[in-house]
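# Quick one: sequence plus predicted model below, questions after.
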Amino acid sequence: MVDLLEYEGKTIFKQYGIPVPKFLVVSDEKDIPDFNEKMVIKAQVPTGGRGKRGGVRIVNNKEEAIKAMKEIKNIDFDGYRAEKFILEKAYNVRKELYISVTLDRSSEMPVVLASAEGGVDINSVPQEKIYKKPINPFVGVTEYLKRELSKFLNLTPEQAQEMGKILSGLYNIYDRLDASLAEINPLGLTDNGLIALDSKITIEDDALFRHKDIPVRYFGLDEIEIEAKKKGLSFVKLEGDIGIIANGAGLNMATIDLIAQAGGKPANFFDLGGTDDPEKVIQAIELASKVTNKVLFINIFGGVTRCDTVARGVVQAINELKPKFKLVVRIRGANEEEGRKILLENKIESMLNLDEAVERVVKLAGE
Amino acid sequence: MAIIVTEKGLPVIVQGITGHQGSFHASQMKAFGTNIVGGVTPGKGGTSVNGIPVFDSVKDAVKETGAKASVVFVPAPYAPDAVIEAIDSGIKLIVIITEHIPFHDMTKLKLYAKLMGARIVGPNGPGITSVGIAKLGIMPNSIFKPGPIGVVSRSGTLTYEIVNTISEAGLGETTVIGIGGDQVVGTTMQEVVRMFQQDESTKAIVVVGEIGGTAEEETAEIIKKEVNKPVVAFIAGRYAPPGKRMGHAGAIITGNKGTAQSKINAFQEAGVKVASRPSEIPIFLRQKLQSH
């Protein structure tokens, strides 16, 4: 997932006909022009709740803006510092609305979500105060949907006109940019009409191949997670000391659950995926060893990934890395006998039964 | 009988047969007893893969072989086009193995398939196996045993683990279907559970779910209202942190939605026994089948 920054989102909004305040993107005090009116300066950071942490400030002239920028640059936003800022007119907002287009997991269709209670986390708004309606991708945004939405939000005919354009713009962003979320929160009801005061656009990883202009970002990821992601591997760091490698997402999650249920502390989620290359297994063990303190548990159910491939990779990795932690290998499925033989020849014990393997891992971790 | 794949000898093609995965699994499916009649790779028509004829288009393959189903191994950027080609050529069952197809494409493919009367299974799943009939997908041939259990799962290898456990316990399966780990899937858990309820040969149902989405909660509602066969469930991701995508595109807890606990609670309320380890599943199945 790539979360675009506010200014990137607002630039896209403009292209799709959604009204945004006139804004400047600044990163240095020399970028700030002279001015003498009520403006707002906002940190461009990928984390939520920046306002509460002082990342959004009202300023009335150049000097105040420079002072605010300096102060904001020193704020830690979940390990991220603001490098860029939006400087824009501060509107007199009569009311804050909410609107987004996103995928509804239940109906597996895009939906529009809207509420007259904007400016807060939409999850905290009661269901009956949220307008929710699917948009069929073969049909797109219809006129009746626009009317219904505006009625729900109690808009004037003039505002309803603007709202119709905003909804179409948001849906087009969702559809054409492969966004999983195109959100305006708050959508300000001002003396100058409806204006998008913030933007949130999230682009699906799987669709990035057709959006080369979207920057790949690794916000909120641990260093090792970034390293894995760059290699196309699926890795999630957890807090424990037992390293885990399994093939397949479901088996991985189940392995973590079994270890935790037995009293162990898993250090990670790591999907080896389907491979018939021992080199990949070696790479995986190298990566997992960075989070493993006590025991590394390799749990493979062979199919596309054959057990003998895994065994060869394990033997080579152990010889090369000479790790200090203990190793438990559990292999089942395709070529399991050959795999077990290879491991045994190299004095690496392997197990077949999952429950027994889990028990052993947790026991070794406790020693 | 079984579900979805019910006809022995069903003529099946493999789209993307000349690729590494496509060629390997075409042979594996054949070894299982699936009637693989051809493969499709544009530009490679007239060649063959392990004795299986390759065609340039699905239309050609259907004309020459009478194919009725397809298994798609085509890489994600080209897979949606391959699926539309199959639907337009009259294929009624399309199993998509490919991972990383953008969900926007799947939303549209699913609507198109429905419009044209075709069924999609997957993507990002291991496919479907009806024991003793045919295998359309990549599940290992060795794990199955004929028996009375229907299995539906959002996962791949975890399904193999569980099916293997069921087989080793001497129970065996009717149909095993991996619906895929994505956010939008062609055939849902809810539909499959309804089909298992209707299928005479299926005496008990195993549902393998995971974090993310609401499929398990909705399935539990259906079980409560419409299913009188014993159901045992397993949910992966009890210890998964929120906000992190656990391998599958669909396996993510967003806010407080999609947690394992919510799914476990929903199943338990519907009278479904929820196993905490794969090895408990056959034990629960036996208890339920005996008392039923």
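Done, it's in. Numbers count the residues shown, from 1 in each chain, chains lettered A, B, ... in the order given.
# Every contact and neighbour count from this point should use C-alpha atoms.
Noted.
# Now the residue of the stretch 101-250 of chain B found nearest chain A: closest residue in space that isn't a chain neighbour?
Proximity of the stretch 101-250 of chain B to chain A (C-alpha to the nearest C-alpha) peaks at residue B:158, 4.4 Å away. Setting aside the residues directly before and after it, residue B:158 is nearest to residue A:251 in space (C-alpha to C-alpha, 6 or more residues apart in numbering or on different chains), at 4.4 Å.
# what do you get for residue A:304?
Nearest to residue A:304 is residue A:274, by C-alpha to C-alpha, 6+ apart, at 5.4 Å.
# Pick out the residue closest to the middle of the chain.
Went with chain A since none was named. Nearest to the mean C-alpha position of chain A, counting by C-alpha atoms, centre = their mean, stands residue A:1 at 4.7 Å.
# The chain in question should be chain B.
residue B:178 (2.6 Å).
# Look up how far residue B:223 lies from the residue nearest to the centre of chain A.
34 Å (C-alpha to C-alpha, to the nearest Å).
# what do you get for residue B:113?
26 Å.
# Does the residue in the stretch 201-350 of chain A that chain B sits nearest to belong to a helix, a strand or coil?
Here the residue of the stretch 201-350 of chain A nearest chain B is residue A:251; by C-alpha to the nearest C-alpha that distance is 4.4 Å. On the three-state scheme (DSSP: H, G, I helix; E, B strand; the rest coil), residue A:251 is labelled helix.
# show me what contacts it?
Applying C-alpha atoms under 8 Å, 6 or more residues apart in numbering or on different chains, we find residue A:251 in contact with B:155, B:156, B:157, B:158, B:161, B:236.
# How many neighbouring residues does residue A:298 have?
Residue A:298 has 24 neighbouring residues, counting by other C-alpha atoms under 10 Å in any protein chain shown.
# From the contact counts, what lies against the helix or strand where it lies?
Using DSSP states H and E, residue A:298 maps to strand A:295-302. Contacts defined by 3 or more C-alpha pairs under 8 Å, 6 or more residues apart in numbering or on different chains; DSSP states H and E place strand A:295-302 against strand A:242-246, strand A:326-333, helix A:354-366, helix B:157-168.
# tell me which residues in the third one are buried?
Applying a neighbour-count criterion of 16 or more other C-alpha atoms under 10 Å in any protein chain shown, one finds A:354, A:355, A:357, A:358, A:360, A:361, A:362, A:364, A:365 buried in helix A:354-366.
# where do the strands sit along the stretch 51-200 of chain B?
Taking DSSP state E, counting those that start in this stretch to define them, one finds strands in the stretch 51-200 of chain B at B:52-55, B:69-72, B:93-96, B:119-121, B:127-130, B:134-137, B:146-153, B:173-178.
# okay if I get the ones you listed as CSV plus mean pLDDT and distance to chain A?
Output for those, formatted as CSV (pLDDT from 0 to 100; distance: least, C-alpha to the nearest C-alpha, whole Å):
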stretch, mean pLDDT, distance to chain A
strand B:52-55, 98, 21
strand B:69-72, 98, 16
strand B:93-96, 98, 16
strand B:119-121, 98, 14
strand B:127-130, 98, 13
strand B:134-137, 98, 11
strand B:146-153, 98, 9
strand B:173-178, 98, 11
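# in chain A, which spans are helices?
A:6-15, A:62-73, A:143-152, A:157-176, A:223-230, A:249-261, A:278-289, A:307-321, A:336-345, A:354-366 (DSSP state H).
# average pLDDT across the third one?
If I follow you right, that is helix A:143-152. Taken as a whole, helix A:143-152 has a mean pLDDT of 98.
# what are the phi and psi angles of residue 241?
No chain was given, so I picked chain A. phi -120, psi 0 (degrees, to the nearest 10).
# May I see the domains of the chain written out as residue ranges?
Looking at chain A here, since you left the chain open. A:22-89, A:93-210, A:223-366 (automatic domain parsing).
# that's the other chain; I wanted chain B
Taken from automatic domain parsing, chain B resolves into B:11-121, B:139-291.
# Switch these over to TSV, and while doing so, append distance to residue A:281 to every line.
TSV is the format used below for these (distance: least, C-alpha to C-alpha, whole Å):
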stretch	distance to residue A:281
domain B:11-121	19
domain B:139-291	17
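# just so I know, which of those lies nearest residue A:29?
Set against residue A:29 and scored by C-alpha to C-alpha, the domains of chain B come closest in domain B:139-291, at 35.9 Å.
# which residues does residue A:23 bridge with?
Residue A:23 has the following beta-bridge partners by DSSP bridges: residue A:88.
# who's in contact with it?
Residue A:23 neighbours (C-alpha under 8 Å, 6+ apart): A:86, A:87, A:88, A:89.
# The second one contacts residue A:39, doesn't it?
This means residue A:87. Yes. Counting by C-alpha atoms under 8 Å, residue A:39 is a contact partner of residue A:87 at 6.8 Å.
# out of these two, which sits in the busier spot?
residue A:87 (25 against 20).
# Next one, pLDDT for residue B:36 please.
Looking at residue B:36, the pLDDT reads 98.
# who touches it in this structure?
Residue B:36 neighbours (C-alpha under 8 Å, 6+ apart): B:11, B:12, B:13, B:14, B:26, B:29, B:30, B:52.
# And residue B:249, by the same measure?
B:181, B:182, B:183.
# Can you pull the residues of chain B lying near chain A?
With C-alpha under 8 Å from any C-alpha of the partner chain as the criterion, chain B meets chain A at residues B:77, B:100-102, B:104, B:107-108, B:138-140, B:142-143, B:154-158, B:160-161, B:183-184, B:210, B:213-215, B:236-241, B:244, B:246-248, B:276-277, B:279.
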